[in-house]
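Chemist: structure for the following, please:
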Amino acid sequence: MQTEEVQYKLDGLILLIEGVGRTKADGKPALQALGIVSYDDESGTYRMRAFNDGRFLDTELKLLDPGKGITWGFALGQIRTSSVMQITEKGDWTELTEIAIGSEPPKKYMELTVSRQK
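Modeler: Numbering: from 1, shown residues only. The predicted structure follows:
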């Protein structure tokens, strides 16, 4: 079970995303991640710094159709990732991440759907 808590901070200047994945067996955290998205006025780009397991990633975000999604990725040695988050017509948040190692074609690494709690 994974939850994502998303909040605007500093009058909308920062988007804070916190994800926690828990094991089905005992509900203990198996994944904890925190992302901070901001706009860089100087370069005219959106940036995300994400933290997980004692490491962090700093990458550029690109907007899809306004208000409908974002895409980002990173490279580490021979590993490349590409992620797309979109908001569906129902208001669900979907995420698809692909990974490629070396010259291999990209493969689906993770796919999830998050629904708003009502």
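
Chemist: surely residue 82 is in contact with residue 97?
Modeler: Yes - contact criterion Cβ atoms under 8 Å: residue 82 and residue 97 qualify, at 7.2 Å. For the C-beta atoms, the positions are set from N, CA and C on the backbone; glycine is no exception.

Chemist: which residue ranges form the strands in this structure?
Modeler: Secondary structure of the chain (DSSP state E): strands at 2-9, 14-22, 29-40, 45-52, 55-63, 69-76, 79-87, 93-101, 107-114.

Chemist: tabulate these in CSV, adding columns for mean pLDDT and mean neighbour count.
Modeler: Formatted as CSV, the entries for these read as follows, by pLDDT from 0 to 100; neighbours: other Cβ atoms under 10 Å:
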stretch, mean pLDDT, mean neighbour count
strand 2-9, 87, 12
strand 14-22, 91, 16
strand 29-40, 91, 15
strand 45-52, 94, 15
strand 55-63, 92, 13
strand 69-76, 91, 15
strand 79-87, 93, 16
strand 93-101, 93, 16
strand 107-114, 90, 12
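
Chemist: now the common contact residues for residue 82 and residue 97.
Modeler: Overlap of the contact sets of residue 82 and residue 97 (by Cβ atoms under 8 Å, 6 or more residues apart in numbering) is empty.

Chemist: quick one: contacts for the closest residue in space to residue 32 that isn't next to it in sequence?
Modeler: The shortest distance from residue 32 to any residue other than its chain neighbours is 5.5 Å, reached at residue 20 (Cβ to Cβ, 6 or more residues apart in numbering). Listed by Cβ under 8 Å, 6+ apart, the contact set of residue 20 reads 2-3, 29, 31-33.
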